[in-house]
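Student: pasting the sequence and the predicted model now:
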Amino acid sequence: MRMSWLPSTKKSSRESWEDNWLIREVGWEEAKQRFYEAIFALSNGYLGLRGSLEEIPRGSYPGTYIAGVYDDYGLEVPEIVNLPNPLMVEIETDAGRLGVGKGEFFDHDRILDMRNATLWRWTTFRDEKGRSYRYESCRFVSMVDPHLVVQHFSIRPLDGPCEIELRTGVDATTKNEMRPFGGPIAHYEIAKIWKKRPTLLVRTKRTGLWIAYSWLCRFSGGRLLERCTVFKDKKLLECFRVKIPKDKVCSIDRFSYIVAGPSRKVARMARRGAQTSASRGFREIHDLHSRKWREKWEVANVEIEGDKQCDLALRFCIYHLCSALSDRDFDVSIPAKALTGEWYGGHVFWDTEIFMLPFYALTFPHLAKHLLLYRYRRLDEARNKARRMGYAGALFPWESAQTGEEVTPRRWRDFNGRVVKVLTADREQHIASDVMYALRTYLLATGDWKFMRQAGAEMLFETARFWASRVRRNRKTGEYEIRGVIGPNEFQECVDNNAFTNYSARWCLRWAAEIYRELSLKYPSDLRRISRKIRLDPSEVENWVNIAGKIRFPQRPDGLIEEFDGYFGLKDVQVKFDRQGMPTWPGEVPLPEVRHTRLVKQADVVLLLALFRDEFDKATKAKNLDFYERRCVHKSSLSPAAHGLVAADIGDANRALRYFKFASCLDLFDLHQNTGKGIHGAVMGSAWQLAIFGFGGVRLGEKLSVNPLLPPGWHSIRFKLRWRGNLLEVHATSREVRVKGVKTRGPVSLEVLGKRVTVTENSIVSSRYVEEQ
Ligand code: BGC
């Protein structure tokens, strides 16, 4: 039976799909396949599947990840486990196997429909006897049931009747290979298989987690000659031998249920899940899944009118942000590559808190809370880390996995493939402030004091404690210094008084004191409880304020901030710009020499100005952006949007747009040529921030303020924000800004274009730009 809601295979109708929700692959090239696998990854934040083709062509890298499933077998630090691939399909004719890269194929294309996170595929194969077959497939990872993967595929013989075998199942030969060194490692072992009601149970080797895969197939069309399940070469496959008349469609809907847990019981859960899902059927499940995505897009979608490419690129970023985190609290955070690849071991960096979390805080605040809870539940490990290093309080790990211990590897390869020591675990300490910055973003967006009382304040006080013990007083100058750190710009390591680190430490100490005061006024019993728990007394808090007032911040009288002590004394090498105005590496500097120059890997001072945008004036921002822009090579994807944010802040919309395109297209066009290893979650979040905080001009404070700046070519930007329990919609054109109360708890007062306004549910307030009045 052909499903009526499947798009027609006719090209013309496919092209008529609304383009700005679709990402396409036309044709197949082995060299581009990993790139497509990453950008076409489907995930619900619990389960992530790379977008590999079902037949697993040569060079393909199937990746199946479950958030929080790590293992360290054969390694010094754990990595996220590449689990068995549940999507395998083999099609065998009497003239051999069909597949791209195998026999002949043509007319191959795929479409990712971001509206409902469904991946479609159409391919025509020709077997060795010259007979053609039309193959179609679609798949999705349910946004409703985190364990469920649904797949539909069909085959239609075009040249005559055929007898073929369709095999589909789980491939348990997958290994972790995405690592700078070391051979492939299988982090799991097969524990048991069941052929009846096909089920596979595997167990991770060191962490001892059980993962079960069970599925049920619904077969239709063609005449079924034989159906059986085989287990061979670590592949558990259900086989269908069928006779199909010419031009008739034979299809299979497959419902796979994947569960991870501490006991073998997961097998039973997986079987039950597969059974229930199959009884509901493809269409019903897809409808529910699509509805859930529609609800997400209702809030998260951003529309950019006038610039289709920016509109699509940003939607693509939002698609991956929505995919990266489950609505359920699985006690996990988001790896740098989300669940689209295992590069960086699936570790969690500051990428999550500084770059991605603002998106969640302002769209789905419960998700931002889950991310913060992930840190809070690992506060003891952060305490241990600080203690081991001889400090007080808590220092979060630079790289984190499941336990919250520091998991940064000690060695890595640099951009030239040289093995280098990694010092970030001990030295990149701004992570302490980064997590607190995220906490403040969450608090500003939600006003959730309950969370502060239950978890936030304790983390904050422990972080302030860390900084207070980390600083050293310089007897000569009387200033407090932070020596021997790595700032966001990782080119120059072990520097003294990195402006970003010092400033954020100072901010942290002050904010901790402020929160202490507020708690003492508003929630004294909570403060007493927390103080008792962590043995905090008011004199310690006074000391924080005292230290904060004297932390060194290297800035010249003309406003230029010195990235760290001695930076201005380094050799001044500047970047060259390409035709798009983006920097290129100055050829004369070999990578090992870069630390002797003023070249900057990624926004450092500029990021500081972007994060603390209200604490620096325009002139300071302009001066520093001009200076550091000429020295920044943006070797990290985290960097361009920060430059864009500062450019937008100083009113340079053109320049901001250039950075926005760089950031939002970085993965879509593989600008760093490493998207195949997984998308860059942080770049997605940073592009969103540039759109909303930069062009949308949104500022979070005691009040929300909106002061848009549309770049050339954009007619308007429209987005929604959840602000303190209210859902607002902002629509900014070059003439006016309209704010609508979509769902409000009562009157919401905010500032639009500098004027105080109040919106209520379903009301719209509009403000015009002053020049236009
Ligand atoms: C960047 C870090 C980032 C990490 C993971 C590194 O190249 O320098 O700032 O956290 O990648 O994305």
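Tutor: Everything's here; your move. Because the structure is a prediction, the values reported are computed rather than measured.

Student: and the closest residue to Lys522 other than its chain neighbours, how far from Leu75?
Tutor: Nearest non-adjacent residue to Lys522, counting by C-beta to C-beta, 6 or more residues apart in numbering: Trp449, 7.3 Å away. Just so you know, the C-beta spots here come from the backbone N, C-alpha and C atoms, and that holds for glycine as well. To Leu75, Trp449 is 42 Å away according to C-beta to C-beta, to the nearest Å.

Student: contacting residues around Ser326?
Tutor: For Ser326, the contacting residues are Asn44, Gly45, Tyr46, Ala67, Pro146, by C-beta atoms under 8 Å, 6 or more residues apart in numbering.

Student: for the residues you listed, pick the one with the most neighbours.
Tutor: When the contacts of Ser326 are compared by neighbour count (other C-beta atoms under 10 Å), Asn44 ends up highest, at 30 neighbours.

Student: which residue ranges form the strands in the stretch 451-600 of the chain?
Tutor: Taking DSSP state E, counting those that start in this stretch to define them, one finds strands in the stretch 451-600 of the chain at 472-473, 480-481, 576-577, 583-584.

Student: point out the most buried one among those.
Tutor: Of these, the one with the most neighbours on average (mean count of other C-beta atoms under 10 Å) is strand 480-481, at a mean of 21.

Student: could you list the residues in contact with that strand?
Tutor: By C-beta under 8 Å, 6+ apart, the surrounding residues in contact with strand 480-481 are Val471, Arg472, Arg473, Asn474, Asp496, Asn497, Asn502, Ile547, Lys550, Ile551, Arg552.

Student: of those, which pair is most distant in space?
Tutor: Maximum pairwise distance among the contacts of strand 480-481 (C-beta to C-beta): 16.7 Å, between Asp496 and Ile547.

Student: got the residues of the stretch 351-500 of the chain near the ligand?
Tutor: By C-beta under 6 Å from any ligand atom, the residues of the stretch 351-500 of the chain that approach the ligand are Asp351, Pro488, Glu490.

Student: of the residues you listed, which is the most crowded?
Tutor: In these, the most neighbours by other C-beta under 10 Å go to Asp351, 28 neighbours.

Student: with adjacent residues omitted, what lies nearest to that one?
Tutor: Distance criterion C-beta to C-beta, 6+ apart; nearest residue to Asp351, sequence neighbours excluded, is Ala682 at 3.6 Å.

Student: please tell me how far Leu666 sits from Thr584.
Tutor: Distance, Leu666 to Thr584, by C-beta to C-beta: 16 Å.

Student: could you give the number of residues near the residue lying closest to Gln580 once chain neighbours are set aside?
Tutor: Nearest residue to Gln580 in three dimensions, chain neighbours excluded: Arg658, at 7.0 Å (C-beta to C-beta, 6+ apart). Burial of Arg658 is recorded as 20 neighbouring residues (other C-beta under 10 Å).

Student: Three-state assignment for Arg658, please.
Tutor: Classification of Arg658 using DSSP: H, G, I helix; E, B strand; the rest coil returns helix.

Student: residues in contact with the closest residue to the ligand within the stretch 501-650 of the chain?
Tutor: Distance from the ligand to each residue of the stretch 501-650 of the chain (C-beta to the nearest ligand atom) is smallest for Ser636, at 4.1 Å. Under the criterion of C-beta under 8 Å, 6+ apart, the neighbours of Ser636 are Glu490, Lys601, Gln602.

Student: what of Tyr376?
Tutor: Tyr376 is in contact with Ala455, Gly456, Glu458, Met459, counting by C-beta under 8 Å, 6+ apart.

Student: show me which of these is closest to the ligand.
Tutor: Of all the contacts of Tyr376, the ligand sits closest to Met459, with 19.9 Å by C-beta to the nearest ligand atom.
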